[in-house]
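**Student:** Only the shape, not the letters, is given here:
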């Protein structure tokens, strides 16, 4: 059995759909962090069959939990302190996203005013549909599960 050393302090992203860890790594810009990061792909899971896990040394401040909830709200975020899990956070679809997704409508004010933040609100939770706050353009979420 493969053994990856534990974290004394950091964050473990667990229950990532198998094969999706590198997408999350890129989406959260983890390459820009100055800390150790371990990616475990295709780990055995009684709950999921196979899963990916990402271990990140350091504080939770470096992670955008809204973006992570948008990517996959089934991921579990484990907070590690003194080699122990001190908190488990379940993610949910964020009600509002800022600069996570971008409006594709060429007539939207965000296309003209480049410095405006791209703000979307959750319009349909069941179908995971977000709409632009400015022009109401629909942005359907890519299914990852």
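**Tutor:** Great, that's in hand. Note that the structure is predicted; figures quoted are calculated from it, not measured. Numbers count the residues shown, from 1 in each chain.

**Student:** CA only for contacts and neighbour counts going forward, please
**Tutor:** Will do.

**Student:** can you pull the contacts of residue 78?
**Tutor:** Contact analysis of residue 78 by CA atoms under 8 Å, 6 or more residues apart in numbering lists 11-14, 85-89.

**Student:** which among the residues you listed gets closest to residue 23?
**Tutor:** Distance to residue 23, by CA to CA, is smallest for residue 13 among the contacts of residue 78, at 13.1 Å.

**Student:** Show me what that closest one bridges to in the sheet.
**Tutor:** residue 54, residue 77 (DSSP bridges).

**Student:** What is the burial count for it?
**Tutor:** 21 (other CA atoms under 10 Å).

**Student:** do residue 30 as well
**Tutor:** Neighbour count for residue 30, taken as other CA under 10 Å: 17.

**Student:** And for residue 45?
**Tutor:** Counted with other CA under 10 Å, residues neighbouring residue 45 total 12.

**Student:** check contacts around it.
**Tutor:** Residues in contact with residue 45 (CA under 8 Å, 6+ apart) are residue 51.

**Student:** No further questions, thank you.
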